[in-house]
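Chemist: build the 3D model from these lines:
(2 chains)
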Amino acid sequence: MKFNLILVSLLLIFSSTISTANPGGEVDSVSSRDCAGSCHSSPSTNGQSSASMMLEAPEQVYAGLLFDLKSTVGNVEVSSNNMVGLNLLINDDGAKDLPSNDGWEIITDPNGGTNNFVQIVDTFSPVSVVERTWTLRAPSEPGTYTLYLAVQHGTPQGGVAMTGISEPYLVNISEVPENLPRLSPSWDPPNSRNIGEETLIKIETLFADNIIVEMKNGGEITTLEVVNGEFIIPESVNEGVVEWRVIMEGEGPVQTSPWFRLSSTAPGWEVDELTLYLQGFGLMLLFLGLVLSFRGPTSEHRKEYSEDQLFEETPQPSNQTTGSQIPEGWTQEQWDYYGQEHLNSLNEGGQQ
Amino acid sequence: MISASTFHVIATELTVGMFALSGIAFLLCLIQKGPKSRESVAHWAMIGGLVATPLAIISGINSIPSDGISDPLLANKLLLSMCSAGIALGVLINRKLGAVVDLKHSSLGLLSVGMMLTTAGIGGEYSRGETLLLFIPKESVFLFPLWASVVLVILGMVMIAKSAIQHRI
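Modeler: Just a heads-up that it's a prediction; the model follows:
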């Protein structure tokens, strides 16, 4: 038995393969860099990425306002799936490094979500450069802030998790000038919509007398009609991204928002949740009922059964004997308690 | 406070751990090997898992990034965990009413554990895109119309009531 157990254990151990953590990547998420690379840090499963990483923000960034941050990754050799994970961070410590810790808000990540870790599939190679844009809301307090771009990717040979992080990139956040036409701090652009649905967007601004909305349409830029701060982005027929921006005119200098990206995706799988919950509850009751219906013998039943068996195999004096069989001089109670002993002594050849 | 997704991780680890322990003990009961405490361990661990199951289900629903259940895997998780909870509840009630831990009882316990662990496997497929279970349904869900679900509920209640009367007699 022990030999079999050891054999099976060894078989299981030797059947495992060495692999990097999370082959094929994780999912886009709000993620610290603490889990970068393989969980088992050894030179054979981890490596330093050769990627060149760069961040670039506009010269003027105002506190609490939106802006585009451009991230660039080049000179990188990746695995066959051409995937690189980009991580936007505020330090390289591997802890408390989420942009939100410094007051940054990710309005739109390169994949159309609001995450600081995104997986990008593109033509990554030692000779190409891949650019992606993040739309951020700057911290509300002016000052100098630091941002980092980190990468995680595989290798052409596989089996090694490569990681790297950029040099610190400093962003100077300025106080918002008085009367600067700008988007309302509480307004966020929509990031996604379904294919075949036109999108009505209401712009909320401060100190803006006139707003113009522009949309990229192929290589051209078209102007959309704005009525009472509302405009409509036409429906799309395919999955893709529509880019648009707002130009705000007022007493202060004219302001142009970053290019906002609106992703169009096919409608996802939908289900009537009430029906689903009711079905789940119904299935629970059904299985409960089935199990209760198939209840086996209880311990009491089994005990009774056992006693019946005992009765057949080794008759008890109290059951076996009746009043007429009690020897003279014995009471019923005496016979119940000591009758068997008396009968045994007779069977063993004792004298009556 | 912690987010729903973090609480879901705690609740699922508790559920899966308890059910796994229960499964091992039920397996020992099935093959009639191991210490006598296997019966107590099997049922008490199952109670622990069952207590944590609603927490795992509710926190799981609340931690879905989209507005609602938008993936067949999530629907299958919900249905499978409810089925498992039903069987586990039945096993525990039967035991409370004095059922002997025989082949049938142990098998039902193991079935419940297996379904709950399959649910956890589907969770791995949903959150990380990886699972040891190769043949879990990723695209299809057995969804009944509303009237059929109502019939299921009634049928279940009738079976429970009938069972209660039958065993009282």
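Chemist: what's the spacing between A:V84 and A:T163?
Modeler: Distance of A:V84 to A:T163, computed by Cβ to Cβ, to the nearest Å: 11 Å. Just so you know, the C-beta spots here come from the backbone N, C-alpha and C atoms, and that holds for glycine as well.
Chemist: give me the common contacts of these two.
Modeler: When contacts are counted by Cβ atoms under 8 Å, 6 or more residues apart in numbering or on different chains, the set common to A:V84 and A:T163 consists of A:151-152.
Chemist: these two: which has the busier surroundings?
Modeler: A:V84 (26 against 19; other Cβ atoms under 10 Å in any protein chain shown).
Chemist: and the more buried one, what does it touch?
Modeler: Taking Cβ under 8 Å, 6+ apart, one finds A:51, A:73, A:76, A:78, A:119-120, A:122, A:124, A:130, A:151-153 in contact with A:V84.
Chemist: so which bits of stretch B:50-60 are buried?
Modeler: By neighbour count, and taking 16 or more other Cβ atoms under 10 Å in any protein chain shown as the criterion, the buried residues in stretch B:50-60 are B:50, B:52-53, B:55-57, B:59-60.
Chemist: just those residues now: which is nearest A:L65?
Modeler: Checking the buried residues of stretch B:50-60 against A:L65 by Cβ to Cβ gives B:S59 as the nearest, at 36.0 Å.
Chemist: how about the closest one: what's its closest non-neighbour residue?
Modeler: Spatial nearest neighbour of B:S59, chain neighbours left out: B:H8 (3.9 Å); criterion: Cβ to Cβ, 6 or more residues apart in numbering or on different chains.
Chemist: so what's the gap between the helix or strand where that neighbour lies and the chain middle?
Modeler: Using DSSP states H and E, B:H8 maps to helix B:4-31. Chain-centre distance of helix B:4-31: 9 Å, with Cα atoms, centre = their mean, to the nearest Å.
Chemist: just give me the neighbour total for the residue of the stretch 101-250 of chain A at minimum distance from chain B.
Modeler: Nearest residue of the stretch 101-250 of chain A to chain B: A:G113, at 8.7 Å (Cβ to the nearest Cβ). Residues near A:G113, counting by other Cβ under 10 Å, number 19.
Chemist: same thing with B:G156?
Modeler: The number of residues near B:G156, taken as other Cβ under 10 Å, comes to 21.
Chemist: same question for B:R38.
Modeler: Applying other Cβ under 10 Å, we find 21 residues neighbouring B:R38.
Chemist: I'd guessed it sits against B:C29; true?
Modeler: Yes. Taking Cβ atoms under 8 Å as the definition, B:R38 is a contact partner of B:C29 at 5.4 Å.
Chemist: hmm, who's touching the longest helix along chain A?
Modeler: Longest helix in chain A by number of residues (criterion: DSSP state H): helix A:273-293. Residues outside helix A:273-293 that contact it (Cβ under 8 Å, 6+ apart): B:68-69, B:75, B:78-79, B:81-83, B:85-87, B:89-91, B:93-94, B:108, B:143-146, B:148-153, B:155-160, B:162-164, B:166-167.
Chemist: now with 6 Å?
Modeler: Contacts to helix A:273-293, defined as Cβ atoms under 6 Å, 6 or more residues apart in numbering or on different chains, come from residues B:68-69, B:75, B:78-79, B:82-83, B:85-87, B:89-90, B:108, B:144, B:146, B:149, B:152-153, B:155-157, B:159-160, B:163.
Chemist: take those residues and keep only those in helices.
Modeler: Going by DSSP H, the helices hold B:75, B:78-79, B:82-83, B:85-87, B:89-90, B:108, B:146, B:149, B:152-153, B:155-157, B:159-160, B:163 from the contacts of helix A:273-293.
Chemist: filter those residues down to the ones close to chain A.
Modeler: B:75, B:78-79, B:82-83, B:85-87, B:89-90, B:108, B:146, B:149, B:152-153, B:155-157, B:159-160, B:163 (Cβ under 6 Å from any Cβ of the partner chain).
Chemist: from those residues, which would you call buried?
Modeler: Of these, these count as buried by 16+ other Cβ under 10 Å: B:75, B:78-79, B:82-83, B:85-87, B:89-90, B:108, B:149, B:152-153, B:156, B:159-160, B:163.
Chemist: and the contacts of A:V84 as TSV, adding secondary structure?
Modeler: Formatted as TSV, the contacts of A:V84 follow (DSSP: H, G, I helix; E, B strand; the rest coil):
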residue	secondary structure
A:A51	coil
A:V73	strand
A:V76	coil
A:V78	coil
A:Q119	strand
A:I120	strand
A:D122	coil
A:F124	coil
A:V130	strand
A:V151	strand
A:Q152	strand
A:H153	strand
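Chemist: is it possible to export those residues to TSV including neighbour count and pLDDT?
Modeler: Below are the contacts of A:V84 laid out as TSV (neighbours: other Cβ atoms under 10 Å in any protein chain shown; pLDDT from 0 to 100):
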residue	neighbour count	pLDDT
A:A51	26	92
A:V73	26	94
A:V76	21	91
A:V78	23	89
A:Q119	20	90
A:I120	20	91
A:D122	16	91
A:F124	22	91
A:V130	20	93
A:V151	24	92
A:Q152	26	89
A:H153	27	88
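Chemist: make TSV from those and add distance to A:V176 to it.
Modeler: Listed next are these as TSV, based on distance: Cβ to Cβ, whole Å:
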residue	distance to A:V176
A:A51	35
A:V73	32
A:V76	38
A:V78	41
A:Q119	34
A:I120	32
A:D122	35
A:F124	38
A:V130	33
A:V151	33
A:Q152	36
A:H153	38
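Chemist: how about low-confidence regions in chain A?
Modeler: A:1-2, A:12-26, A:34-44, A:296-325, A:349-352 (pLDDT under 70).
Chemist: domain parsing for it?
Modeler: Chain A breaks down by automatic domain parsing into domains covering A:23-34+A:44-176, A:178-267, A:297-352.
Chemist: of those, flag the one that's most buried.
Modeler: With neighbours defined as mean count of other Cβ atoms under 10 Å in any protein chain shown, these peak in mean count at domain A:23-34+A:44-176, which reaches a mean of 18.
Chemist: run through who's touching stretch B:14-28.
Modeler: Counting by Cβ under 6 Å, 6+ apart, residues outside stretch B:14-28 touching it are B:34, B:38, B:41-42, B:45-46, B:48-49, B:52-53, B:56, B:106, B:109-110, B:113, B:116, B:120.
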